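**Q** What follows is a predicted structure for the sequence shown.
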Amino acid sequence: MIYLDNAATTMHKPQTVIDAVTQAMCSLGNAGRGATSGALDAARTIHGCRAKLARLLGCPRADHVCFTPNSTAALNTAICGVVRPSDRVVTTVLEHNSVLRPLNRLAAERGVTVEHAGCDTNGVLDYDELERLVTPGTRAVVVTHASNVTGNAVDIARVAAMAHAAGALVIVDASQSAGTAKIDMDAMGLDVVCFTGHKGLMGPQGTGGLAVAEGIDVAPWAMGGTGVHSFDALQPLEWPTRLEAGTLNGHGIAGLSAGLDFIEAQGGVEAIAAHERSLADRFLAGVREIPGVKLYGAFDQPVRSAIVSLNVGDIDSAEISDALMQGWGIATRPGAHCAPLMHRALGTERQGIVRFSFGYFNTDEEVDTAIDALRDLAC
């Protein structure tokens, strides 16, 4: 199979990640639950991964990196832990349902006002509209770093400046960018960054988290066992315990830690991004002149995810994706990509979009095969 669905998950993992998970499953106990060698080894593994993530994301305090099962849980934790009843929140039409649905729920249950900044015909965020919407009294701005539909990047430092000028917090969904785009919370002024481990960070599924700047209060979303302060009636408020109720996925975090090591060994985020972008650019150059192919996105952006989304004539996106899989063994992602407002803005609610997303382990030969397959389908 030619796997071109890396925006969903990086199915091909470094062997070191697989080995780390296997070893962890044979040796790690439950972090924070006792002083056995297995429990202590688990705690050390988790602490080490926190420190690596803090360095990668520019988070000044490693203990402010809190683990969750995925970015959806991280975004729910951040949004529900920051936004209060009757608050006002600004977001964008670029967002995934991991942002939209928690905000919709808060609007229905807590009387929260939610405003959405739009985009242009290429799916690029309208920064002028966003700035008009972010008025004094806004509690938070929630924004994706890169669209999972088009790959378009958002200038999150610019958004953070807008938010802070109005006294608002900024929460960033880095699901598509962590590991493949530079993120420096301290330099960019980011208050909360939510990430997943199984995409650009090359870790296992079931890993993710949020990094929180110092001085930002995120109230606990879930409550339960922590291994410490067992007689407290409510969740302890120390970091990172306040946001980590229950047993952490030590086995997965061991794999995530190995994924972070792999990224560093390849030359870091910049080197990974350059390779993936070269693959996407090669594909783009090969398909943009194919008759009937319509592309979605701003491909001249200096920073963007390695995503090329398209349609072929009026053919349903699922039909094209299925033909690619059945005829050439090429895995892509059709449909709405859990981003309904983005598809409405692009006018693709009915047809959907076929998304090609490239990863570190893809090759030029695979890209060329995908180009030839699309050329055949378009004819």
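**A** Yes, it's here.
**Q** if I look at Arg158, how far off is Thr138?
**A** 16 Å (CB to CB, to the nearest Å). Glycine gets a C-beta too; all of them are placed from N, C-alpha and C.
**Q** neighbour count winner among the two?
**A** Between Arg158 and Thr138, Thr138 has the larger neighbour count (other CB atoms under 10 Å), namely 20 against 15.
**Q** who touches that one in this structure?
**A** The contact partners of Thr138, by CB atoms under 8 Å, 6 or more residues apart in numbering, come to 88-90, 163, 166-168.
**Q** Any chance of JSON lines for those residues, columns pLDDT, distance to Ala178 and secondary structure?
**A** Formatted as JSON lines, those follow (pLDDT from 0 to 100; distance: CB to CB, whole Å; DSSP: H, G, I helix; E, B strand; the rest coil):
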{"residue": "Arg88", "pLDDT": "98", "distance to Ala178": "28", "secondary structure": "strand"}
{"residue": "Val89", "pLDDT": "98", "distance to Ala178": "22", "secondary structure": "strand"}
{"residue": "Val90", "pLDDT": "99", "distance to Ala178": "23", "secondary structure": "strand"}
{"residue": "Ala163", "pLDDT": "98", "distance to Ala178": "20", "secondary structure": "helix"}
{"residue": "Ala166", "pLDDT": "98", "distance to Ala178": "26", "secondary structure": "coil"}
{"residue": "Gly167", "pLDDT": "98", "distance to Ala178": "27", "secondary structure": "coil"}
{"residue": "Ala168", "pLDDT": "98", "distance to Ala178": "23", "secondary structure": "coil"}
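**Q** Quick check: the two most widely separated of the residues you listed?
**A** Greatest spacing in the contacts of Thr138, by CB to CB: Val89 and Gly167 (13.3 Å).
**Q** Who has more neighbours out of those two?
**A** Val89 (26 against 12).
**Q** what is the rounded mean pLDDT of stretch 249-261?
**A** Stretch 249-261 carries an average pLDDT of 98.
**Q** Residues contacting it, please?
**A** Outside stretch 249-261, the residues touching it (CB under 8 Å, 6+ apart) are 13-14, 16-21, 23-25, 28-31, 42, 45-46, 48-49, 52-53, 56, 67, 69, 179, 197, 201-207.
**Q** same thing with stretch 230-244?
**A** For stretch 230-244, contacts defined as CB under 8 Å, 6+ apart pick out 50, 61, 63-68, 77, 81, 210, 212, 218, 220-224, 226, 228-229, 245.
**Q** and it, how far apart are its ends?
**A** Length of stretch 230-244, first residue to last, CA to CA, to the nearest Å: 14 Å.
**Q** sorry, back to before: pull out the buried members of the contacts of stretch 249-261.
**A** 13-14, 16-17, 20-21, 24, 28-31, 42, 45-46, 48-49, 52-53, 56, 67, 69, 179, 197, 201-207 (16 or more other CB atoms under 10 Å).
**Q** Just the ones of these in helices?
**A** Using DSSP state H to define helices, the subset of the buried ones among the contacts of stretch 249-261 located there is 16-17, 20-21, 24, 42, 45-46, 48-49, 52-53, 56.
**Q** quick one: which of the residues you listed is nearest Gly329?
**A** Nearest to Gly329 among those, with distances taken as CB to CB, is Val17, at 24.0 Å.
**Q** show me what contacts that closest one?
**A** 202-204, 255-256, 258-259, 262.
**Q** do Ala245 as well
**A** 220, 222-226, 235.
**Q** Can you lay out the residues you listed as TSV showing secondary structure?
**A** Shown next, in TSV, are the contacts of Ala245 (DSSP: H, G, I helix; E, B strand; the rest coil):
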residue	secondary structure
Pro220	coil
Ala222	coil
Met223	coil
Gly224	coil
Gly225	coil
Thr226	coil
Gln235	coil
